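> I'd like to go over a predicted model; first the sequence, then the structure.
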Amino acid sequence: MDLVATLQSELETLRSRMKELESENAKLSAQLSNCSCQETKEKGNGSVLKNGVLEGHGKKKNKLRDLGYGAMMHHSKRYVALKVMYFGLRFYGFASEAQMDPTVEGEIFKALERTRLIFGDKKELQYSRCGRTDKGVSSVGQVIALFLRSNHRESRGDNKYPGENSIEESCVLHFLHLGEIDYVRVLNRVLPNDIRIMGWSPIPVGFSARFSCLSRVYKYFFWQGNLNITAMQTAAEKFLGEHDFRNFCKMDADNVHNYRRHIISFEILPFNESDKADQLMIMKIKGSAFLWHQVRCMVAVLFLIGQGLESPNVIDLLLDIERTPRKPQFPMAPEIPLVLQSCEFEGLKFICSSDTKQALNEHLERECRSYKLQSAIFHEALLNSSCIEIDNNISSDHTKKKGAFHIPLLSRPTEPSYEERRKKSDA
């Protein structure tokens with residue numbers, strides 16, 4: 001018991017000292033931000049390296065970057081995972097390879113270059129990302145990994161997951177991180193308002209944001225309306241386990257040869273928001289990995305089941321590729337309500353300083369208020385939408401049976417099979 005009491009006392013002392021160091025670190029950062037030695041001006045081009053951020057304009061700024069301004073090659077570097085939040089409405093997806101701008105990844109790399117946190121290309125940085133979300137899709141838990149400039153001596157192989165350490169070791173590690181670059185604060189200063197870095201973590205060199213990920217969790221938001229939630233939940237449970245999901249994705253025969261994926265859980269739950277007439281719902285899907293457009297395709301079929309247009313048994317038939325070798329043609333669910341909630345890794349814990357955490361929360365609260373203002377405008381339009389109604393004399397439309405124009409999924413035209421796509425690709 002004396003040993004436990006002694007350890008607890010030492011732990012409290014460490015925590016107290018950590019708070020003191022955080023306070024001292026904040027004061028030093030404030031002093032450095034006002035120090036003239038933090039500004040390096042280049043004669044004639046107006047470029048300034050201020051607080052780690054390259055400011056200014058003109059052609060010479062790009063030349064400075066190409067020449068490795070700031071002697072980046074001589075800096076220590078550290079392999080780091082960053083947790084990223086973004087609101088996807090204005091972006092052409094996360095990945096920048098689509099040759100469409102803007103992308104979330106493109107904006108992040110602009111910020112990394114501007115803050116001089118990186119040098120070299122993505123291969124040299126050992127860059128990896130956990131997922132490639134589609135155009136319009138948001139995330140509160142995307143994860144990327146890459147080498148960043150560091151204040152510590154370079155340590156390529158002895159980085160440890162914070163979760164691998166005891167409480168006392170974690171305190172000591174956090175101690176050491178206090179002198180590190182505040183990656184969250186530095187990047188959030190220059191990123192667009194709809195992208196935020198939520199935290200960072202040291203990682204070992206063998207880490208991959210894509211392949212080290214144990215599971216991903218997506219959430220899809222929708223209004224209940226007249227949907228039969230019980231039927232949808234019954235159908236959703238058929239997705240559980242490992243299946244071939246080629247009939248629930250956009251097939252990429254050139255790059256994907258295995259369409260088997262494992263769904264860990266699939267829940268349909270009420271969200272903590274509703275209006276006078278409707279209840280906001282969420283579908284929460286957890287899987288080891290997902291195919292291109294897989295979540296939106298699964299949701300689209302569940303909506304047909306919820307409307308009573310398809311039976312829950314249609315899921316069994318679409319998962320049976322022997323009986324249904326070709327995907328029926330059907331539109332995907334809209335992209336805007338889809339959110340990548342989290343990417344889960346063994347022992348990985350993201351950190352950020354207390355001051356930065358407070359600034360992050362204040363920013364998110366401001367953004368939330370801004371979107372509520374926009375919502376208020378639409379509510380006002382709804383209240384003032386009175387106009388003179390006229391009778392279009394299309395009474396027959398109101399007597400048509402529900403689903404009269406619905407073509408059953410298994411009776412629709414089909415897309416080419418995987419084998420047909422491969423032959424066409426090889427030709």
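Arrived safely, thanks for sending.

> Tell me the secondary structure at Lys286.
strand (DSSP: H, G, I helix; E, B strand; the rest coil).

> Thought Lys219 was touching it, still the case?
No: judged on C-beta atoms under 8 Å, Lys286 makes no contact with Lys219 at a distance of 10.0 Å. Using the backbone N, CA and C atoms, a C-beta is placed for each residue, glycine as well.

> contacting residues around the closest residue to Ala145 other than its chain neighbours?
Of all residues not flanking Ala145 in the chain, Ala209 sits nearest, at 4.3 Å (C-beta to C-beta, 6 or more residues apart in numbering). Contacts for Ala209 (C-beta atoms under 8 Å, 6 or more residues apart in numbering) come out as 81, 128-130, 143-145, 343.

> Poorly predicted segments of the stretch 51-200 of the chain, please.
Residues of the stretch 51-200 of the chain meeting the criterion pLDDT under 70: 51-74, 98, 153-178.

> what pLDDT does Ala333 get?
pLDDT recorded at Ala333 is 96.

> before we move on, what about the one 10 residues further on?
At Cys343 the predicted local distance difference test score is 96.

> give the contact list for it.
The contact partners of Cys343, by C-beta under 8 Å, 6+ apart, come to 130-131, 141-143, 209, 213, 215-217.

> Off-centre distance for stretch 130-141?
4 Å (C-alpha atoms, centre = their mean, to the nearest Å).

> now swap in stretch 193-212 and tell me
11 Å.

> can you tell me the distance between the two ends of it?
Taking C-alpha to C-alpha, to the nearest Å, stretch 193-212 runs 29 Å from one end to the other.

> and if you look at stretch 331-338?
End to end - C-alpha to C-alpha - stretch 331-338 spans 15 Å.

> Surely the residue nearest to Ala145 is in a strand?
No: assigned with three-state DSSP, Ala209 falls outside any strand and is coil.

> what about it, distance to Arg216?
If you measure Ala209 against Arg216 using C-beta to C-beta, to the nearest Å, the figure is 11 Å.

> Spit out the residues that contact those two alike.
Counting by C-beta under 8 Å, 6+ apart, the residues touching both Ala209 and Arg216 are 130, 343.

> Check which helices and strands the lengthiest strand in the chain is in contact with.
Criterion DSSP state E: the longest strand present in the chain is strand 260-274. Judged by 3 or more C-beta pairs under 8 Å, 6 or more residues apart in numbering; DSSP states H and E, the packing partners of strand 260-274 are helix 229-236, strand 241-244, strand 279-287.

> can you tell me the average pLDDT over that strand?
90.

> returning to that earlier point: could I get the helices and strands packed on strand 260-274 in JSON lines, plus columns for mean neighbour count and mean pLDDT?
Putting the helices and strands packed on strand 260-274 into JSON lines (neighbours: other C-beta atoms under 10 Å; pLDDT from 0 to 100) gives the following:
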{"stretch": "helix 229-236", "mean neighbour count": "19", "mean pLDDT": "97"}
{"stretch": "strand 241-244", "mean neighbour count": "15", "mean pLDDT": "96"}
{"stretch": "strand 279-287", "mean neighbour count": "19", "mean pLDDT": "96"}
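
> Save these as CSV, and put in distance to Leu112 too.
What follows is those, written out as CSV (distance: least, C-beta to C-beta, whole Å):
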stretch, distance to Leu112
helix 229-236, 39
strand 241-244, 37
strand 279-287, 30
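
> beta partners of the residue nearest to Leu214 when sequence neighbours are not counted?
Among residues not flanking Leu214 along the chain, Glu344 sits closest, at 4.9 Å (C-beta to C-beta, 6+ apart). Using DSSP bridges, the bridge partners assigned to Glu344 are Ser215.

> among the helices and strands packed on strand 260-274, which is nearest Pro408?
With C-beta to C-beta as the measure, helix 229-236 is the member of the helices and strands packed on strand 260-274 nearest Pro408 (14.9 Å).

> Distance from the closest one to the middle of the chain?
Worked out by C-alpha atoms, centre = their mean, helix 229-236 lies 27 Å from the chain centre.

> name the helices or strands packed onto it?
strand 260-274, helix 294-306.

> any idea of the pLDDT on the residue nearest to Ala145?
Ala209 is given a pLDDT of 96.

> Hmm, Tyr418 is touching Phe245, no?
No: Tyr418 lies out of contact with Phe245 (C-beta under 8 Å); the separation is 11.8 Å.

> Noted, bye for now.
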